[in-house]
Structure formats: C-alpha cells, structure tokens
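Undergrad: Sequence first, predicted coordinates after that:
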Amino acid sequence: MTPLILRGSPASLGPLMESTHDNQAVPHAAQPVAVIDIGATAMRLRIAELQPDGGIRSLDQIQQAVRLGKDTFTHGFIKPSTIEECVAILLSFRRVLKEYGITQPEQIHAVATSAVREAQNREAFLDRLYMATQINVEAIEGPVENRLTYIAVQDVLETEPTLKNSDTAIAEVGGGSTDLIFVREGRVTYSGTYRLGSLRLRETLETYRTPVERVRLVLEQQIRRSVDQLQRSAPVKTITRLVALSGDARFVASQIEPNWEENQVCRIPLKKFMAVADPLISMPVDELVRRHHIPHQEAETIGPALLVYEHLAVALQVQEILVTRASLRDGLLREMALRGAWTTEYADQAMSAARLMSSRYNVDESHAERVANFCLRLFRELQREHALDERYALQLRIAALLHEVGRFISDRSHHKHSMYIVMNSDLFGLAKRDLALIGLVTRYHRRAMPQTYHTEYTALDRESRIIVVKLAALLRIADAIDRRRVQPLEKISFSRVGDDFVITVNEPADLTLETLALKEKANLFEQVFGMKVVLRSAIGEEEVFARG
C-alpha cells in the first residue's frame, strides 16, 4: 500500500529557509542533502541544499503518520505490520530523494528517537529498514537529542534580545519523551531527557481505560511526578524564560497569533497560553479532529503535551512562553552543514558539562584543569603518531577533567569508580559510545593495563580499543607531569630525539616526584607510540629520567 504523503511548500519550512538568496540561481557547488526524523507518531523528511558559505537552503518536506509509539509504549516492541509500513514510507522517501539527486549515503542523515530507542526489537527494526531501503537509521540517545535541540535553537538564543543574558529553559515535548535544556548566557548549565512524552501519557490512559472525566486529573498526577523530580535535580530557581518546541506548542501559537509564522518567535504570556490550551487539554480527541481539522494522531498528543508545558512553566515560575518553529531536523541539517565536525562552541559546552559534573564529585579542579591542558598539548604534539581527529581531543580533555571523580566513592581503586560514574552518567551531547570511551580512558589512567577479563574494554571493537589506549597513554603522561599539585610545572616543551619523546622542564625544579610517576605510568605510552619518555631539566641540561 502506498502511504499518504503530506508535503510542505518551501514557504512553510521554518527557520532554516534561507532568505538572502531568494530568486537567485543556486551555485553549482551547493550540495543537496536530506534528514529523516523517525518519531513516535510520524516519520519526517526534510530536503535542503548546503551552500558553499555554510548556509542552508530548505527545499521540501514530507511527513507521514506512523504507529511506532503506540507499539512501543503499549507492547514494548514494534509490530511486524508497523515495520513494513515504515519500510513503505522510507521507500517512498527514496523516490523523492532521487528526484532531488540525493542518492549517496553521505547525503542522508536519518535518526530515530525514543519509540525506536526503547523498543525490544530495535536492532531488528533498524536492520530491516536498512536491508529494504539502504538507508542507515541511527537510534539516537537522549544527550544527543539534547545537543541537536540546542543546535536547532541557537540562532533564536543569539538573536532574541530577552534571551541573550537570561537563564532560559528549552523544552521539546515529543511523543515519547521531553527534552529539557537550561542555558545561561549561551552556556548549557543542565540537560536531561524525561520519559514524559505526550503519546506515552495518552497510551497509559488507554491501557488503564481512564474515564474521560478523570483524564486530566490522571495526566496531571503523572506529569507532577516528573516535574517534582526535575525540581530536585536541576537549578530551576534561576530560570526566567521558557522556549517551547514541538507542533503542539506551535498549534497554540497559531490559535493566538495566526500570522506568527512570519516571525521567528511567538511570545505568549503564560495566562493567555493557558486560556487557549486548557479547553484543548479537556477536549475529547474526536472533537479536536472535528473542530480543528487536524489528523487524529496529532489530536491525541495535543492535550498531554500542552499540559506538560503548563506544568513546566508553573514549576519554573516563568511569565511567558516563547514558541519557535525550530525542530530536531534543523539541528540535523546544521550538523550536516558542519560536515560532522564538533565545533569549538560545542566542545566548550561539553567541557562545561564535564566541569559541572566534576564539581559535584568534589574533584581537585585545579589539578584536573592542568591535566586537561597537558593532555591537549600532548594530543597536538603527537598528532602525526596517533592520527585521531578533534572529537577525540575533546574526549581526552573530558577524561582528564573526570579521571578522579571516583575518589568521591573511595580512594582505593578510584580509577574503577571513575569509569563506572562516567559510563553511567549523562553529559550534554555525548552518546553512550563516547561515554564508554571516556570512562575507559579514566579507568586506565593509573598503572593497570587493559586485560582480557576487562569486559567493558573487550566489548569494544578493535578501532575503539586502540583509541582508548592511545588516549589513556596521553592521560597517564599528563597526570604524571602534574604530580606536584601545590607548585605545578608550567614551562614545559616537547621534542623528539631519536626514539625518545623528550619532555623538557624550562624552570628550576626538583623533578623527583615526576620521575617516580613516569616510571609507573610511561609503559603504556612506550607500547602504544614506540617511544621512550625522557624527562629533562633545561637548567644545566641535566637528564633526570630516561626510560618509561
């Protein structure tokens, strides 16, 4: 059966519709690309052109309803019939992509969110999609969703005057979860993903056959539990603005300001938002469909989603809600425009999140910062040898900031505790694989070498294992150099003499502590890079340590 496709004209595509090049010829160097977002209630395709200057020109969008959320949130798995419906939709997307000349894998970025991520048969579902369509769909995790959401609204945060210097909460209530990000003056101070999705809430009501007259009461009880958890774990008292994403919030905005799409942000006083939202929350689904002429699946999510936004606004004590047209797909397109690179700004955000985490675990922050700086210098110096890109420089720096968080549990075997804490934490924008690599680098920052019975290490593929030992070798050297914490070494240079990697201290110093530390830690470096570590004092050119 050919699925019904809803297509959008370029005028309706949202904030990434380029405005400066309208009615101009598209440069030959412009690259057509596509992003696909597989959510709980719909599969959405956005087609755009990446401009030579880094700009993005939107071309087309398609949306098709699916039952993924109904399957996963009710039964725990995706039904075979739903899988085949998704295959049919992706094949129809394929035909459209071919019209735009989008045929190569690198031109397509496809992701799936909570409904797929939580399904028991997730891998079978993703494999089936790939075998049938040759489109590789990635089930992204909560922190990655947070990163993409933040990227999507970055322009709003930078251009909206009231948001530049205020503490802002960004919330997107999806079908399966709610993404929440707190930003202070452009810096992410908190991010989290809550199992508080509009369709998930609706399916719970239907599972327990909640009477219509008790729907709102039951929804509020469930929402309040999650909001109470949020108030305990996040710095909610400082928030002054709430930015709302999702089609449900945009629907309310369109009811209040029919022409709001001409502006990037629709500002709605909380009282007015609630005055429009409350009747929609209480209205039966069939009546919503009849009265507002919206698809049934969208009508199912409006009430729960708006109730979540209301409770968030009250808990945060904000007086207005700012609604934007940005979406996850905008974040995906911006990442494609960056060619997959991790920007300096994103690296700063991830480092800031790591610093917040280290402070919670009472880490010696001065030591951690110095080790992180030494790590970065070593990474740059040995670029030719390790051949790793900048994302691993970031992972190494984060590992340096967090290598001693395990001391919060115990000094004994703190490297193992550090690994556990890192691998079981959420850090803004970092996927589980990133956290696994970072956690293992902290695990091996002391003397222990990777062993066959270290299951977290052996579970990695060969490439990842090699990355771990390369980064751990650098972290060990950096940690050894900062062995004196009271009077740290500062004037250090690196060089190569034959098969030796020479670290020269260009200041008067007793290097006994560093010498002992390197004797313990330099063995992994020698094994990985094939060079011995030599520590020298430039004062009198005295060599005080010669072998790792």
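TA: Now that the structure is in, tell me what you want to look at. Numbers count the residues shown, from 1 in each chain.

Undergrad: which stretches of the stretch 301-450 of the chain have low pLDDT?
TA: Within the stretch 301-450 of the chain, the stretches with pLDDT under 70 are 340-343.

Undergrad: where exactly do the strands run in it?
TA: Along the stretch 301-450 of the chain, the segments classed as strands by DSSP state E, counting those that start in this stretch run 320-324.

Undergrad: Now do the helices in it.
TA: For the stretch 301-450 of the chain, the helices identified by DSSP state H, counting those that start in this stretch occupy 328-337, 344-360, 365-381, 383-386, 390-402, 414-423, 432-443, in order along the chain.

Undergrad: JSON lines for these, including mean neighbour count and distance to Val468?
TA: Any C-beta I mention is one placed from the backbone N, CA and C, and that applies to glycine too. Shown next, in JSON lines, are those (neighbours: other Cβ atoms under 10 Å; distance: least, Cβ to Cβ, whole Å):
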{"stretch": "helix 328-337", "mean neighbour count": "23", "distance to Val468": "25"}
{"stretch": "helix 344-360", "mean neighbour count": "18", "distance to Val468": "18"}
{"stretch": "helix 365-381", "mean neighbour count": "19", "distance to Val468": "14"}
{"stretch": "helix 383-386", "mean neighbour count": "13", "distance to Val468": "12"}
{"stretch": "helix 390-402", "mean neighbour count": "24", "distance to Val468": "10"}
{"stretch": "helix 414-423", "mean neighbour count": "21", "distance to Val468": "11"}
{"stretch": "helix 432-443", "mean neighbour count": "23", "distance to Val468": "5"}
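
Undergrad: With Ser495 as the reference, name the closest of those.
TA: Smallest distance to Ser495 across the helices of the stretch 301-450 of the chain (Cβ to Cβ): 9.0 Å, for helix 365-381.

Undergrad: just the helices in the stretch 1-150 of the chain please.
TA: So, for the stretch 1-150 of the chain - with DSSP H, counting those that start in this stretch - the helices run 68-75, 80-99, 114-117, 122-133, 142-159.

Undergrad: any idea how far the helix or strand following the last one is from the chain center?
TA: For helix 142-159, the succeeding helix or strand toward the C-terminus, using DSSP states H and E, is helix 161-164. Distance of helix 161-164 from its chain centroid, counting by Cα atoms, centre = their mean, to the nearest Å, is 23 Å.

Undergrad: What mean pLDDT does helix 161-164 get?
TA: Throughout helix 161-164, pLDDT has a mean value of 82.

Undergrad: tilt between the helix or strand that it is followed by and helix 142-159?
TA: Counting by DSSP H and E, the next helix or strand C-terminal to helix 161-164 is strand 167-173. Angle, strand 167-173 to helix 142-159, by axes from the mean of the first three to the mean of the last three Cα atoms, to 10 degrees: 130 degrees.

Undergrad: quick one: strands adjacent to strand 167-173?
TA: strand 178-184 (antiparallel), strand 241-245 (parallel) (DSSP bridges).

Undergrad: Backbone dihedrals for Met425, both of them.
TA: Not quite, residue 425 is Ser, not Met. Dihedral pair for Ser425: phi -110, psi 170, per degrees, to the nearest 10.

Undergrad: Let's have the strands paired with strand 167-173 in CSV, adding mean pLDDT and mean neighbour count.
TA: Formatted as CSV, the strands paired with strand 167-173 follow (pLDDT from 0 to 100; neighbours: other Cβ atoms under 10 Å):
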stretch, mean pLDDT, mean neighbour count
strand 178-184, 91, 23
strand 241-245, 93, 24
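
Undergrad: Please identify which of the ones you listed is closest to Ala478.
TA: strand 178-184 (29.9 Å).
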